[in-house]
Structures are given as C-alpha cells and as structure tokens.
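In: structure of the sequence below:
(one chain, ligands or ions: 1)
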Amino acid sequence: MLRLVIALFLATTLLVASSATADLDRAKKNLYSSSKENQFSAYDTYKRYYIKALIKGDTKQQERCLNGICIAGKKLRIDVREYQQKLKRLEKSSNKKAVSKKHIASHTKTEKIKPAKKRKSKKVKIRSQHALTGFKWEGRSLVLNFDFNLKSKDVNYFSLRPEGKKGYRYIFDVNAIVHKKPIIKHKEIKRIAISQHKPTSIRIVIESSKRLKPRFKRDGKQLVIDLGVSKVYAPKAKKRTRKVSHNKLIVIDPGHGGRDGGAVGYKRHLEKDIVLQISKRLAKILKSEGYRVQMTRDRDKTVSLKYRAKYARKNKPDLFISIHGNSVPKKNAHKAKGIEIYYLDPKRGSQRSSRLERKENAADYSAMTRSMTELFVSTQSRTKILESTFLAIDMGQNVADRLRGKNYKVKDVRVKGGNFWVLVGATSAAVLVEVGFVSNPQEVQLLIKSRYQQAFAQGLADGVDQYFNNKARR
Ligand SMILES: [Zn+2]
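Out: Reported below is the predicted structural model:
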C-alpha cells in the first residue's frame, strides 16, 4: 500500500512540475465553466499551486492562485474568507512595494517619469467579488440577479445618442463583476450587451433603434429594468423529476449520546439531544422519499467513535451524514453562530477546524495518534473527497433555502474541509453537519424549536436529493 502511495505521489509531482502554467491555464478555463465539478477542480488546482507558490516565495503566483480560490469559493459557496484576507494582505504589500520603488526612482532620476497610472492594459483586471449571477424576463422587465444587495451607489444609469449612429443607447454601470456573460435577447431590441467595463464594474448597454423609456428599480439583489417592450413569457417550469432512489443507503450518525453529552449549551441544552432530534426528522423524511436509512443511534445511548466509523464502512452506505452541534467558551457565546458543513479534507489545517476536529474527535482520539489518523486520511480517494464536497455544497444551499423559506434569517451555510475521524471510515461521500452553536443564546432557542428543526432536516434531505440528481448527470 505504502509503495503504491509513494509511486502515486511521485507520478503526480512529476506531472505537476512539468506543467504548472498549463495546469493554471486549465484551472482558469474550468473556473468559468458552468459545471460544478470543473469549478471544484479549478479550486483544487489553485489551492495546490498556492501552497507551492508559498514554498517558492513566488508572490505573483500566490496572488493568481488566491484570486482563483476566492472566485471558485464564491461560486461553490465554500468558505474562503481566510484566503480573501491573505489576498488582501498580499495586494496591499505589493502596492506598497510599487509605491516605494517609485519613490526611490523619483529621487534618483532627474528626468521626468511618466506616471505608471497612464499605462493602460487592455485586459481589465477583476477585483470586485460581487457578481452578476443571472437574468430573467419578467413580463416587460429585464431582471438582473446579483449576489449582493444593491445600494444606490452601485447603479449608475445614463442614456446616449451616439453621434453618426442611428438609434439610442441606454447604459447601466453596476459595481459587480461578470464571470460568464449571459446572452440576452429581445425581438424588439437591437442589442443587449454586458461587459466588464472596469475592474469593479460591469456595463450593460441596451441598444435600440427606437426610443425607449427605461424605468429601473433596485430590489434587494435584483436590478429590475422595465423597458416598456412587449412581454416575454417565461417558459413553463419543468416538472421536477425526482428519481426515487430505493437502493440508496444513507447512514445518519447523530453525534455523542449517553454518557457523552457533547457540547453543553446555553441554559444547559445538550448537543446530544438536539442532534438526535434533527437526525430523527431527517431519517423520517428520507425514508418517506424512498431511501433506506440506518442510524448509528436512535436514542440516548453511548456510541464509540470506532463503532460509528465501522458503521460507516460495514454496509457500504452511499452517504454518511454525521450530525453535530458547535460551541465556544462563554466569553464568545454571543458572537459565534452559524451553520457549517464539513467534508473530509486531509490537507486542511485551518485553526478553526482543527479546534473543532479535536473536540469532535476527542472521544476516541487518545487511542489514536494524530499521525495515525493522517496516514489513514491520506489514503482516502480524491473522488470520495470530491463527492463529499458536492454533497456538502448541495446540503448547505438547500438548508439555507428552506430556513429562509420559513422566514428565518440565516447567513450562507459555510462549507469547509476538515479532518474528522468519523468520516475517515466511510466508504462513500461523507459529511459532518454542525447544525449551529448551542452556546449561542439565540441560536440554541431556534435549534430546540420543532419548526426550525423540521425545516433544517428538510433542507438536508433536499440536499441529498440534489446531490444524487446531479451525480446521475455527472
Ligand atoms: Zn459534536
């Protein structure tokens, strides 16, 4: 086994050494493809090369990779805040360097130095993280969707009658970026074009041979432009085809139990109780949808981590879902909140997740040295990690949607890589869901409510459905 691992390692290093530029170029292509799998592959590539760039001290490549990681993270809804911070720091320091160089130059040289600003590069470098995500026609209005709430300063409108040319131009500049330019057409309008006009803004040009009277409004994340043209009827929504997966086996693993209460929350609510309640609801929904479901525990009893991991292997389940609740010490109890979903990532080293790892792994961890775990983890297949990531992303989006649908204010679910012993044994896609912080007074009040629990479980089940549907298409 070890020899195989070494051979594989050598093979990949050689391959990588010979084609760094090619890899990064491919990553760029994948990043802007519409397939999540490609996007994730880009994310993965950028992460690998970021580490290499760190070792080499190649700041240019670091910046390129961080940029890629951030864009991919945004698309895949993976938590990349630490990389965004790194990117910011890097950009700041490279700006400083540029400034100090100029400063020295102006003192040593007497001739006039052309300001660097005037040099215009043709390609616009993209900086803003906010993006245009899509569009639709609603009656006579063109609705543009963004991934942030538009403020009045974000939208600038003006109209033009270009000299020498016939017709009218209506122009909207919006502070956002566009990853993939959408094709928008209307039979009464000559042209609708969207371009990355500046690093931080896109330009939407509506060209018409006759005069239009566009009216527009900002509506949350939407820019609604009423063009006064004839109505466009939306194509009939396709019926959602739900493939009932009678054969799929899903193991649900409610964390802790019995002597191990897990985290003790605000007003002494226990993690083990909350996670069991949500797990049972999830099991019920999945069963009603035709899945086979097994639980590592369905009541309050002590279950060892070894047993759970074995369970994850034993019957070769298609999915393994471990459910936990998070907590922090009292002094931060009001601050820390939110839902997190972890997939197994052997290379992860974020401080936050390793603290969590220690906590969640604690029960049996003493019996296993860290290096042992790492060895085990390193033999996990890439496909499994990839599948787990997809599952985590699908679950995260659906949980957020379901909770918002019930008017709960939730931020995006954070999807992260982590090193969890319980996930290691799983034969297939496996995730660990942190349903929220039991230490947070507001969050725990929600977590014990049956309405909230039900919406949460429904979201997880939707995520499972979406995962299998997407997988069939991959
Ligand atoms: Zn736990």
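In: CA only for contacts and neighbour counts going forward, please
Out: Will do.
In: give me the distance between the spatially most central residue of the chain and K92.
Out: Central residue check for the chain by Cα atoms, centre = their mean: the C-alpha nearest the mean position is that of R77, 1.4 Å away. Counting by Cα to Cα, to the nearest Å, the gap from R77 to K92 is 25 Å.
In: surely R308 and T296 touch.
Out: Yes: under the criterion of Cα atoms under 8 Å, R308 lies in contact with T296, with a separation of 6.3 Å.
In: isn't L403 up against V410?
Out: Yes: when contacts are counted by Cα under 8 Å, L403 is listed as touching V410 (7.1 Å).
In: out of the two, which sits in the busier spot?
Out: The neighbour comparison of L403 against V410 (other Cα atoms under 10 Å) goes to L403, with 21 against 14.
In: need the contact list for that one.
Out: If you count contacts by Cα atoms under 8 Å, 6 or more residues apart in numbering, L403 has them with 409-410, 452, 455-456, 459.
In: how about E357, nearest residue that isn't a chain neighbour?
Out: Nearest-residue entry for E357: F420, 5.8 Å, with adjacent residues in sequence omitted and distances by Cα to Cα, 6 or more residues apart in numbering.
In: the stretch 51-200 of the chain: helices as residue ranges?
Out: When secondary structure is read from DSSP state H, counting those that start in this stretch, the stretch 51-200 of the chain shows helices at 59-76, 81-108.
In: that older thread, find residues that contact each of L403 and V410.
Out: The contact sets of L403 and V410 do not overlap (Cα under 8 Å, 6+ apart).
In: so which bits of the one helix or strand Q445 maps to are buried?
Out: Counting by DSSP states H and E, the element that carries Q445 is helix 441-447. Judged by neighbour count (16 or more other Cα atoms under 10 Å), helix 441-447 contains these buried residues: 441, 443-444, 447.
In: how far does it sit from its chain's centre?
Out: Its chain's C-alpha centre lies 24 Å from the corresponding centre of helix 441-447 when counted by Cα atoms, centre = their mean, to the nearest Å.
In: any regions of the stretch 351-474 of the chain where pLDDT drops low?
Out: In the prediction, the stretch 351-474 of the chain carries residues with pLDDT under 70 at positions 351-355, 358-359, 361-382, 421-427.
In: how far out from the middle of the chain is the helix or strand encompassing K310?
Out: With secondary structure defined by DSSP H and E, K310 is part of helix 305-314. Averaging C-alpha positions (Cα atoms, centre = their mean) puts helix 305-314 28 Å from its chain's average.
In: quick check: next helix or strand after it?
Out: strand 319-326.
In: partner strands of that following strand, parallel or antiparallel?
Out: If you go by DSSP bridges, strand 319-326 pairs up with strand 249-254 (parallel), strand 429-437 (parallel).
In: between the shortest one and helix 305-314, how many degrees?
Out: Right, strand 249-254. Direction vectors for strand 249-254 and helix 305-314, defined by axes from the mean of the first three to the mean of the last three Cα atoms, to 10 degrees, enclose an angle of 170 degrees.
In: residue ranges with poor pLDDT in this structure?
Out: Low-confidence segments of the chain (pLDDT under 70): 1-18, 55, 96-129, 164, 233-246, 346-355, 358-359, 361-382, 421-427.
In: domain map for it?
Out: According to automatic domain parsing, the chain is divided into the following domains: 15-105, 131-226, 249-473.
In: output those domains in CSV, with distance to V232 appended to each entry.
Out: Formatted as CSV, the domains of the chain follow (distance: least, Cα to Cα, whole Å):
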stretch, distance to V232
domain 15-105, 25
domain 131-226, 5
domain 249-473, 27
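In: tell me which of those domains sits most buried.
Out: Among the domains of the chain, judged by mean count of other Cα atoms under 10 Å, the one packed with the most neighbours on average is domain 249-473 (a mean of 20).
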